[in-house]
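Engineer: return atomic coordinates for the entry below.
(2 chains)
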Amino acid sequence: MRLAELLHGAMTGIARRLIESPTPHKLHESYRAELIRLVSAYLIASTRPAL
Amino acid sequence: MTRTDSPLLDPRKTPVQARSAVTVDAILSATIQVLLAEGQERLTTTRVAYRAGVSVGTLYQYFPNKQALLRAVLERHLDEVVSSLERACREHHGCSLHEMASSVITAFLDAKMKSVRTSASLYSIAADVDGNRISREAGHRACDALATMLASATAELGNGAHAPGRTPPRRHDRYRSPSH
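Structural biologist: Here you go, the predicted model:
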């Protein structure tokens, strides 16, 4: 599976968990920040040429 | 919103078309309101028409039944979410991977969180209105936009094959879904 599809899958999955949680507005910012952190790290690692 | 299967929404003269768009928008907004207030079981075309301020006959000009209404609402919602994502992707071509991730995730979650109750209720009706197909089509659009944006992230690829003026062979395909 390619990066775009992975990224889209991660966003849709987290959005659904967030929306279906009992306190979506409370969790929005922490979910957003954590997803950005994880996705950024993954993208950078995935596009870095092998040593 | 896809309307190719509805000959009643084929292009007309401009003023009529604009008025039609306003009517359709009012009907779809009313559908969401009734869905949230009454639930899917109690949602009827009569209730939606009343809430929209149009006659039932007018509603039937655009939507043959309740399922068509719900499907159109889901399509419109996903179109708004994907359009927001596409805009973020266009605006962050050539940025760092962190900026790309930050902007598209923020745009996507903000669009989904714009109305949590609407998003939640649309998840619940999706299975009844061909939601898998609608979601898949929206997903293809989103992945295309993401792949194009990611392919522009030359700065952090740094393997020497992406010097200015050179087009690395099939680099763009690295970010694409195999189905594209």
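Engineer: I figured residue B:91 hits residue B:104, correct?
Structural biologist: No - counting by Cβ atoms under 8 Å, residue B:91 stays clear of residue B:104, with 9.8 Å between them. For the C-beta atoms, the positions are set from N, CA and C on the backbone; glycine is no exception.
Engineer: three-state assignment of the nearest residue to residue B:59 once chain neighbours are set aside?
Structural biologist: Closest residue to residue B:59 apart from its sequence neighbours, by Cβ to Cβ, 6 or more residues apart in numbering or on different chains: residue B:49 at 4.4 Å. Here residue B:49 is recorded as helix under DSSP: H, G, I helix; E, B strand; the rest coil.
Engineer: if I look at residue B:49, how far off is residue B:34?
Structural biologist: According to Cβ to Cβ, to the nearest Å, residue B:49 stands 10 Å off from residue B:34.
Engineer: find residues that contact each of those two.
Structural biologist: Between them, residue B:49 and residue B:34 share no contacting residue under Cβ atoms under 8 Å, 6 or more residues apart in numbering or on different chains.
Engineer: now the helices for chain B?
Structural biologist: In chain B, the helices defined using DSSP state H lie at B:14-38, B:45-52, B:56-62, B:66-91, B:97-113, B:116-125, B:131-151.
Engineer: before we move on, back to that, ok, residue B:91 and residue B:104, which is more surrounded?
Structural biologist: residue B:104 (28 against 12; other Cβ atoms under 10 Å in any protein chain shown).
Engineer: what are the buried residues along the lowest-mean-pLDDT helix or strand in chain A?
Structural biologist: Least confident helix or strand of chain A, by mean pLDDT, DSSP states H and E, is helix A:24-47 with a mean of 92. For helix A:24-47, a neighbour-count test (16 or more other Cβ atoms under 10 Å in any protein chain shown) marks A:24, A:27-28, A:31-32, A:35-36, A:39-40, A:42-43, A:47 as buried.
Engineer: please list which of those are also close to chain B.
Structural biologist: Of the residues in the buried residues of helix A:24-47, proximity to chain B by Cβ under 8 Å from any Cβ of the partner chain holds for A:24, A:28, A:31-32, A:35-36, A:39-40, A:43, A:47.
Engineer: so for residue A:8, which of the helices of chain B sits nearest?
Structural biologist: helix B:131-151 (5.0 Å; Cβ to Cβ).
Engineer: now the closest one and helix B:97-113, what's the angle there?
Structural biologist: Going by axes from the mean of the first three to the mean of the last three Cα atoms, to 10 degrees, helix B:131-151 is angled at 160 degrees with respect to helix B:97-113.
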